[in-house]
Structure formats: C-alpha cells, structure tokens
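**Q** Please find the sequence and the predicted model below.
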Amino acid sequence: MADIESSFEFSSSLTSSSLPPPRTRIFKIIVIGDSGVGKTCLTYRFCAGKFPDRTEATIGVDFREKIIEIDGEKIKVQLWDTAGQERFRKSMVQHYYRNVHAVVFVYDVTNAVSFRSLPSWIEECRQHALGQEVPRILVGNKCDLRHAAQVSTDVAQQFADAHSMPLFETSAKNPYGNDDGSRNDSDHVEAIFMTVAHKLKSQKPLILSQPPCGLGDTVTLRRQDEEERGSWGCGCWRS
Ligand SMILES: Nc1nc2c(ncn2[C@@H]2O[C@H](COP(=O)(O)OP(=O)(O)OP(=O)(O)O)[C@@H](O)[C@H]2O)c(=O)[nH]1
Ligand SMILES: [Mg+2]
C-alpha cells in the first residue's frame, strides 16, 4: 500500500550522466458513490478511452492510472475506483482517504436513490477529516438514458451549489448520443478528470526556492504542500 500511496515516483531509467531522474507527480483521486452508478465505467473510460464490455461489482478498490501532460509537466492521474457495496468496502475505507488529493462523487441520473445517498458519502468524507482544500466534484452519470432520468439538472445543481462543488453530467457509455438517437450535450468524461487535474496542478505548483548555501548550481524544486505538510521528500534537479 505504501508504494501506491506515495505521491511522487521515479522514472525507472537513469540518465547516462547519473543525474537524478525526473519525477512524476501523482494525483490520487478517489471516485465514490452507490453501487451501480458507473464508477468503474467512468474510470475505465478515462484511462482506457472506451466503455468496458462488462463490469462486476468492485471489491475493495481497483486502481486505474493515466499519464497526462499539463503545461509541459507529465502527471500521473491515479484513480481509485472504490466499491459502492458496504460489504466490499468496509475494510478498505481508511485507505481510500489516506493522502487523497481530490474526491469525485458519482450518482446515477436514472436512480434517485443514488442521488439521495450523496449526503452519506459526504459525511463519510467528513468523518475521515478531509480538509476543505481537497477539491470535490459531483458527477451525474448515465446521461445517455435520457428517457429514464429521475434526477433533474436543476435539483442536482442546487445540491452541488449547497456543497460548493461543481456539477458535471456525463455518460461513460455514450458521450455523444442518447439511447433515443438524439444528441447528447453532456460533459465528456475526459474533460471532467482533466478539469480536476488542472485544479490540483494550480493548487499545488512546483515552486522554485533558493538553494541552501554550498549547493552550488543546484536548484531545489518543491511542491507547495510539501512545505505545508512537511511530509514530502526534497526534489532536486541540477540546473
Ligand atoms: N447506459 C449506461 N450504463 C452505464 C453507464 N455507466 C455504467 N453503466 C452500467 O451500469 C452498471 C454498473 O456500472 P459499474 O461501473 O460497474 O458501477 P459501479 O459504480 O462501479 O458499481 P460498484 O463497483 O458495485 O460500486 C453496468 O451495467 C454498466 O454497464 C452509462 O454511462 N450509461
Ligand atoms: Mg465498480
């Protein structure tokens, strides 16, 4: 578990001059919500670029990762696809929330019960002492099933506003069309997770600081929250 929860990783190949390899930042994003809302399909869509042929209820957690590039920096987005069923998640819950960078709450627009469950998912976050600085977003999935919608955009938007979260409506299955053949104007899964990654990058910039005396031409780059939390290793590159 320690490896998967660290927030930097080293490139496996050393450069010929034996300089420290560049490090890739990892953003840990957990995806939570009732069983069946489509968490596995959403994370699969983002990381594999397609809708899975079939899914089974997630047991514990599945990890999916994707390397993205923002402003020239390669970042690993690590999605924690959590189990919605209580019996498959209870032994894992503490790991979900450890060192998490962002939370994606998912409900199914065709299932009002999954929307009404959202306060209990928010409460679970609160119980795990998630700070206000951890971005949260709300995602209504299965927008392709427009004829079966039970949760209106207005009601969902009011809920999102009340909890200071942006709302996205999407379909992991069909980002462009509805089951009745009409056009689907929902948000694309790719764009949703990229928005979260941009937010995290803007919150946690790599900052340039003066090298301590005696380090010659070494510059020290640190993450903002390394200074705040004091729990991150020093990242040094030779200029
Ligand atoms: N029509 C439609 N079906 C979807 C969509 N996303 C997921 N599904 C279906 O919903 C069912 C549940 O999807 P999962 O992704 O396994 O749900 P989950 O939230 O991961 O469920 P747990 O692992 O039990 O927590 C599957 O039959 C999917 O095919 C979508 O955008 N549109
Ligand atoms: Mg699942």
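**A** Good, I have the coordinates. Ligands and ions are numbered 1, 2, ... in the order given.
**Q** C-alpha from now on. contacts and neighbour counts both.
**A** OK.
**Q** any idea how far ligand 2 is from Lys50?
**A** 15 Å (C-alpha to the ion, to the nearest Å).
**Q** try Glu73
**A** Taking C-alpha to the ion as the measure, Glu73 falls 30 Å from ligand 2.
**Q** Next, find the distance separating that residue from Ile30.
**A** Relative to Ile30, Glu73 is positioned 22 Å away (criterion: C-alpha to C-alpha, to the nearest Å).
**Q** cool, Lys90 as well?
**A** Separation of Lys90 from Ile30 (C-alpha to C-alpha) stands at 15 Å.
**Q** So for Glu73 and Ile30, which sits in the more crowded spot?
**A** Counted by other C-alpha atoms under 10 Å, Glu73 and Ile30 do not tie: Ile30 has more neighbours, with 23 against 11.
**Q** Look up the closest residue to the more buried one, ignoring the ones flanking it.
**A** Closest residue to Ile30 apart from its sequence neighbours, by C-alpha to C-alpha, 6 or more residues apart in numbering: Trp80 at 4.6 Å.
**Q** Check which residues of the helix or strand hosting that neighbour are buried.
**A** Trp80 belongs to strand 73-82 when elements are defined using DSSP states H and E. Of all the residues in strand 73-82, those buried under the rule 16 or more other C-alpha atoms under 10 Å are Ile75, Lys76, Val77, Gln78, Leu79, Trp80, Asp81, Thr82.
**Q** Give the other helices and strands that it contacts.
**A** strand 23-32, helix 39-48, strand 61-70 (3 or more C-alpha pairs under 8 Å, 6 or more residues apart in numbering; DSSP states H and E).
**Q** So for ligand 2, which of these sits nearest?
**A** The closest of the helices and strands packed on strand 73-82 to ligand 2 is helix 39-48. By C-alpha to the ion, the value is 4.1 Å.
**Q** What is the end-to-end distance of stretch 174-189?
**A** Terminal residues of stretch 174-189 are spaced 10 Å apart (C-alpha to C-alpha).
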